[in-house]
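*Asks:* Structure of the sequence below:
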Amino acid sequence: MTRSDDIFYEILFSQPLYLIPENPGGTFANDTIQQPILVVVESLPLTTAEEELLHKILQAAKINPTEVDKIAITNYCAEENSHRNHILFFVEPKKLPKELAVFGVYCTVPIYTKANVIIANNLTMLATDTDGKKKLWELLKKNFLQ
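*Replies:* Numbering: from 1, shown residues only. Predicted structure coming up:
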């Protein structure tokens with residue numbers, strides 16, 4: 001081996017290597033497949049009561065719970081998920097990303113063309129908020145049942 005070969009290999013292997021799939025539409029075994037609906041909550045794991053309420057809400061809107069990804073607000077980035085439908089269950093505007101904070105609670109956010117974003121109270125508050133449940137139901141019907 002010559003010195004130029006050493007330099008070539010040093011440069012080649014110091015760069016990131018990428019695998020190009022044979023099937024362009026395929027996924028790798030370690031890729032996570034994103035579900036079409038993203039539920040954002042204050043924190044994970046949910047309590048049993050929160051999980052049951054969320055399950056009832058999803059069933060009422062004819063959303064299969066297996067088609068939902070749950071994420072805590074601390075890990076949420078609206079821009080990265082702009083192609084997915086969102087249901088945000090928390091009330092503190094300071095926790096909302098700045099592009100969503102101006103809309104308030106119990107509304108559909110018209111920020112993305114390919115996704116519905118619904119903002120609601122957190123699941124604990126929602127459990128005892130009859131008026132909030134009605135408002136959320138109207139939003140779910142409008143966005144998921146039509």
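
*Asks:* Could you tell me the model confidence score at the residue most central in space within the chain?
*Replies:* For the chain, the residue nearest the mean C-alpha position is Leu38 (3.2 Å; C-alpha atoms, centre = their mean). Leu38 carries a pLDDT value of 92.

*Asks:* so it touches Ser82, yeah?
*Replies:* No. Leu38 is beyond contact range of Ser82, at 10.4 Å (criterion: C-beta atoms under 8 Å). From N, CA and C alone the C-beta is placed, and that goes for glycine too.

*Asks:* May I ask which helix or strand encompasses Asp69?
*Replies:* Asp69 belongs to strand 68-72 when elements are defined using DSSP states H and E.

*Asks:* Mind jotting down where the helices sit in this structure?
*Replies:* Here the chain has its helices, by DSSP state H, at 3-14, 48-60, 98-101, 123-126, 130-144.

*Asks:* angle of the strand holding Asp69 against helix 48-60?
*Replies:* 140 degrees (axes from the mean of the first three to the mean of the last three C-alpha atoms, to 10 degrees).

*Asks:* and strand 68-72, which strands flank it?
*Replies:* Partner strands for strand 68-72, per DSSP bridges, with pairing direction: strand 37-41 (parallel).

*Asks:* Just the CA trace of the strand it pairs with, in CSV.
*Replies:* Listed next in CSV are the C-alpha coordinates belonging to strand 37-41 (Å, rounded to 0.1, in the frame of the first residue of the first chain):
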residue,chain,number,x,y,z
ILE,A,37,-52.3,10.0,14.4
LEU,A,38,-50.1,11.5,17.1
VAL,A,39,-51.5,12.0,20.6
VAL,A,40,-49.5,14.5,22.7
VAL,A,41,-49.8,14.3,26.5
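
*Asks:* so how far is that strand off the chain centroid?
*Replies:* Relative to its parent chain, strand 37-41 has a centroid offset of 5 Å by C-alpha atoms, centre = their mean, to the nearest Å.
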